[in-house]
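Peer 1: Predicted structure and sequence below. I'll ask about it afterward.
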2 protein chains.
Amino acid sequence: MRGVVMYGPGDVRVEEREDSRIIEPTDAIVRLTATCICGSDLWPYRGVEPVDHTLMGHEYVGVVEEVGSDVSTVKVGDFVVGSFVISDNTCEICRSGFQSKCVHAEFVHGGIGTQAERARIPHADGTLVATPGQPDEDLIPSLLAASDVLGTGWFAADAAQAGPGKTVAVVGDGAVGLMAILAAKQLGADRIIAMSRHPERQKLARHYGATDVVEERGEVGVAKIKELTGGLGAHSVVEAVGTQESFMQAVGATRGGGHLGYVGVNHDVQIPGIELFFAGIHTLGGPAPVRRYLPELIQLIWDRKIDPGKVFDLTLPLSEAAAGYEAMDERRATKVLLTL
Amino acid sequence: MRGVVMYGPGDVRVEEREDSRIIEPTDAIVRLTATCICGSDLWPYRGVEPVDHTLMGHEYVGVVEEVGSDVSTVKVGDFVVGSFVISDNTCEICRSGFQSKCVHAEFVHGGIGTQAERARIPHADGTLVATPGQPDEDLIPSLLAASDVLGTGWFAADAAQAGPGKTVAVVGDGAVGLMAILAAKQLGADRIIAMSRHPERQKLARHYGATDVVEERGEVGVAKIKELTGGLGAHSVVEAVGTQESFMQAVGATRGGGHLGYVGVNHDVQIPGIELFFAGIHTLGGPAPVRRYLPELIQLIWDRKIDPGKVFDLTLPLSEAAAGYEAMDERRATKVLLTL
């Protein structure tokens, strides 16, 4: 089967790899219908994270082709959406809603790699969720978004306790930030401030529910958020970038006693303890427990109540994955969908 | 009137200061019955925090001697307990329970200084709480503890969501750590692990409700907590020290999706963003909104349901404050009460 391998920074190739096959009785083999490139795939692409012949891709939708003898909740022929972290969905941590910290947690990125024709998904019962039927073609991008960016943005908005009566500020206008805006809107937030300086993304942010746009960054951006919130800061802040500046901007934008949800991967970020201390805020972050939200998100998409798929602004065949990485790296695309 | 002034690191003097007097109509003058030395007073004493002729002390109980014309909830003659942070208790932040981040927040330490005969307390209505009557002598240490260490330990346990069904680990066996143990017990935690290597403090920890003691620190301490919790980590962790090692120990001891409450002042702590990210935990910390808890804590003390005053293991007259600082600095005392 064909799949994407990142040989090194900037070096993405689509090549023949060993076929995926059942190893454990809890495995399923999924024939990919679509997959995509994640903002986090750019970290190794840019040399910020180590990479060496790495199997890429962790977002996926497709049809179950084979299941191990212990798999009971999905069957051959089901159309499924899966989380980017494997989970058994039965351990104590999963039952508390943190499937991304499951005792059997394993990242799909690296070991599995779903930018490929097929993928072996361990703990299929705890990782995959079947859709109510075979989806219409136009729903596929949205279902694919649920696999990571939507689930991650939703978690961030939930972690920030976005909801009725709340002002939510979203730091980052990438796919996850945009999904956090969509989520904040669905969760009933009164006011949603997108921090973005990119006209196209501002437009999409407003489509998803942003009521205000702040172009300023860093301390000036924080001052602007305070100005818009009676000097107090936002009740809820989402951090969806993962740099030192963006993280501290998010901390500064949160009011005392407010909630910060952070889902940007915090490379090289050092949080000054004393600043976090005197901010006096709640924080919750990390790899999102997408599995927790999947049933609800799939239903919202199925019922056409949300359209997260609009976040994909470039579609390419898997064979042209390298061009997709390039487009995202150069910010010519927000998110690239790969067809099979 | 006499009061404690810290001239510089290690240089504590009791000297005549200008009398406290009403400045704003929302002020009250409190004649101190007792005050004390806080673990945080050791930061400037040890030269870790800047200090220059600073008015010391932020914990206090006493009798209201005079009130400004706008004060309505406390009256002359009332015995009162106050928070170590001034708050109006009416602003939006106060109403959300974060009085330590009040729009009128001001630290009693520095500008006011309650290691003195009298203190001017701004926003008296929002900062002070009157006890149900004049307290018996033996209740005074416990009421004084409510002013900071008990309120802070309680906030930390609450921030860590200590409660029924939970295993709570407390990093730090100083006064605040011990109070967090008392709080976790009151909040109904199933199991409370004190991280302490000091025999006397272990004894007090057990008195307050600790079910287990872990003497190991750092990574070995984390491994021990995991061993005691089926490999998962504690549901709830309190950080009550404020060093790099203790903070990261607390992060490591918290299970995925668990809650960390941190109240140690994080001097020179740099939290690696990537470690916090992959921990996947809730955090809440900062200066405790003691005012939120005061009415409940005073009642528990009044009804003799809790005895936080046992945390004071040395009592000295105000005039011997310097000896009190010395005893705490040398860890000969956990917490020093100063009488007037």
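Peer 2: Cool, the structure landed.

Peer 1: And for the residue in the stretch 101-250 of chain A that chain B sits nearest to, nearest residue in space, chain neighbours not counted?
Peer 2: Using Cβ to the nearest Cβ, the closest approach of the stretch 101-250 of chain A to chain B is made by residue A:101 at 2.4 Å. Yep, even glycine has a C-beta here, placed from its N, CA and C like the rest. Spatially, and ignoring its direct neighbours in sequence, residue A:101 is nearest to residue B:256 (2.4 Å; Cβ to Cβ, 6 or more residues apart in numbering or on different chains).

Peer 1: hmm, back to that, show me the contacts for the residue of the stretch 101-250 of chain A closest to chain B.
Peer 2: Contacts for residue A:101 (Cβ atoms under 8 Å, 6 or more residues apart in numbering or on different chains) come out as A:93, A:286-287, A:289, B:255-257, B:280.

Peer 1: what's the answer for residue A:217, then?
Peer 2: Under the criterion of Cβ under 8 Å, 6+ apart, the neighbours of residue A:217 are A:195, A:197, A:245-246, A:249.

Peer 1: how about the residues you listed in CSV, adding distance to chain B and secondary structure?
Peer 2: Supplementary listing: the contacts of residue A:217 in CSV, determined by distance: Cβ to the nearest Cβ, whole Å; DSSP: H, G, I helix; E, B strand; the rest coil:
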residue, distance to chain B, secondary structure
A:195, 18, strand
A:197, 23, coil
A:245, 12, helix
A:246, 10, helix
A:249, 13, helix
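
Peer 1: Out of the residues you listed, which is nearest to residue A:88?
Peer 2: Out of the contacts of residue A:217, the one with the shortest distance to residue A:88 is residue A:246. That distance is 33.2 Å, counting by Cβ to Cβ.

Peer 1: For residue B:247, see how far away the closest one is.
Peer 2: Here the distance between residue A:246 and residue B:247 works out to 22 Å (Cβ to Cβ, to the nearest Å).

Peer 1: Poorly predicted segments of the stretch 51-200 of chain A, please.
Peer 2: Counting by pLDDT under 70, the stretch 51-200 of chain A shows no low-confidence range.

Peer 1: Near chain B, which residues of it are found?
Peer 2: Taking Cβ under 8 Å from any Cβ of the partner chain as the criterion, the neighbours of chain B within the stretch 51-200 of chain A are A:92-93, A:96-98, A:100-101, A:103.

Peer 1: one more time with 7 Å
Peer 2: Taking Cβ under 7 Å from any Cβ of the partner chain as the measure of proximity, the stretch 51-200 of chain A contacts chain B at A:92-93, A:96-98, A:100-101.

Peer 1: Now, of those, which are buried?
Peer 2: Applying a neighbour-count criterion of 16 or more other Cβ atoms under 10 Å in any protein chain shown, the buried members of these are A:92-93, A:96, A:98, A:100-101.

Peer 1: Out of the residues you listed, which sit inside helices?
Peer 2: Judged by DSSP state H, helices contain the following of those: A:92-93.

Peer 1: just the helices in chain A please.
Peer 2: Counting by DSSP H, the helices of chain A are A:42-45, A:92-95, A:108-111, A:124-127, A:140-146, A:149-159, A:175-186, A:199-208, A:218-228, A:244-253, A:273-279, A:290-302, A:321-329.

Peer 1: Of all those, which one is nearest residue B:14?
Peer 2: Distance to residue B:14, taken as Cβ to Cβ, is lowest for helix A:273-279 among these, at 29.7 Å.

Peer 1: Packing partners of the closest one?
Peer 2: Helices and strands touching helix A:273-279, as assessed by 3 or more Cβ pairs under 7 Å, 6 or more residues apart in numbering or on different chains; DSSP states H and E, comprise helix A:244-253, strand B:270-272.

Peer 1: Would you mind finding the most buried of these?
Peer 2: Among the helices and strands packed on helix A:273-279, the stretch with the highest mean neighbour count (mean count of other Cβ atoms under 10 Å in any protein chain shown) is helix A:244-253, at a mean of 23.

Peer 1: That helix: how far from the chain's middle?
Peer 2: Centroid separation for helix A:244-253 versus its chain: 20 Å, with Cα atoms, centre = their mean, to the nearest Å.

Peer 1: what does stretch A:90-107 give?
Peer 2: The chain centre lies 17 Å from the centre of stretch A:90-107; the measure is Cα atoms, centre = their mean.

Peer 1: Ok, stretch A:180-192 next?
Peer 2: Stretch A:180-192 has its C-alpha centroid displaced from the chain centroid by 16 Å (Cα atoms, centre = their mean).

Peer 1: what comes up buried for that stretch?
Peer 2: Residues of stretch A:180-192 classed as buried under the neighbour-count rule (16+ other Cβ under 10 Å) are A:180-187, A:189, A:191-192.

Peer 1: from those residues, which single one is nearest residue A:67?
Peer 2: Set against residue A:67, the nearest of the buried residues of stretch A:180-192 by Cβ to Cβ is residue A:183 (31.5 Å).

Peer 1: Tally up the residues packed near the closest residue to the closest one other than its chain neighbours, please.
Peer 2: Counting by Cβ to Cβ, 6+ apart, the nearest residue to residue A:183 once its immediate chain neighbours are dropped is residue A:157, at 3.7 Å. By other Cβ atoms under 10 Å in any protein chain shown, the residues close to residue A:157 number 31.

Peer 1: try the one 5 residues further on
Peer 2: Residue A:162 has 31 neighbours, counted by other Cβ under 10 Å.

Peer 1: For the closest residue to it other than its chain neighbours, give me its contacts.
Peer 2: Leaving aside its sequence neighbours, residue A:162 sits nearest to residue A:184 (Cβ to Cβ, 6+ apart; 4.0 Å). The neighbours of residue A:184, taking Cβ atoms under 7 Å, 6 or more residues apart in numbering or on different chains as the test, are A:157, A:162, A:168, A:192, A:209.

Peer 1: I'd like those as JSON lines, with distance to residue A:70 appended.
Peer 2: Formatted as JSON lines, the entries for the contacts of residue A:184 read as follows, by distance: Cβ to Cβ, whole Å:
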{"residue": "A:157", "distance to residue A:70": "35"}
{"residue": "A:162", "distance to residue A:70": "38"}
{"residue": "A:168", "distance to residue A:70": "42"}
{"residue": "A:192", "distance to residue A:70": "43"}
{"residue": "A:209", "distance to residue A:70": "42"}
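
Peer 1: Show me those that map onto strands.
Peer 2: Among these, the subset assigned to strands under DSSP state E consists of A:168, A:192.

Peer 1: between the helices and strands packed on helix A:273-279, which gets nearest to residue B:321?
Peer 2: Among the helices and strands packed on helix A:273-279, strand B:270-272 sits nearest to residue B:321 (Cβ to Cβ), with 33.6 Å.

Peer 1: is chain A contacted by that closest one?
Peer 2: Yes: on the criterion Cβ under 7 Å from any Cβ, strand B:270-272 is in touch with chain A at B:270-272.

Peer 1: near chain B, which residues of the stretch 201-340 of chain A show up?
Peer 2: Going by Cβ under 7 Å from any Cβ, the residues of the stretch 201-340 of chain A near chain B are A:232, A:247, A:255-257, A:265-267, A:269-274, A:276-280, A:282-287.

Peer 1: What's the PyMOL syntax to select whichever of these are buried?
Peer 2: Applying 16+ other Cβ under 10 Å to these, the buried members can be selected in PyMOL as follows:
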select buried, chain A and resi 232+247+255+256+257+265+266+267+269+271+272+273+276+277+278+279+280+282+283+284+285+286+287
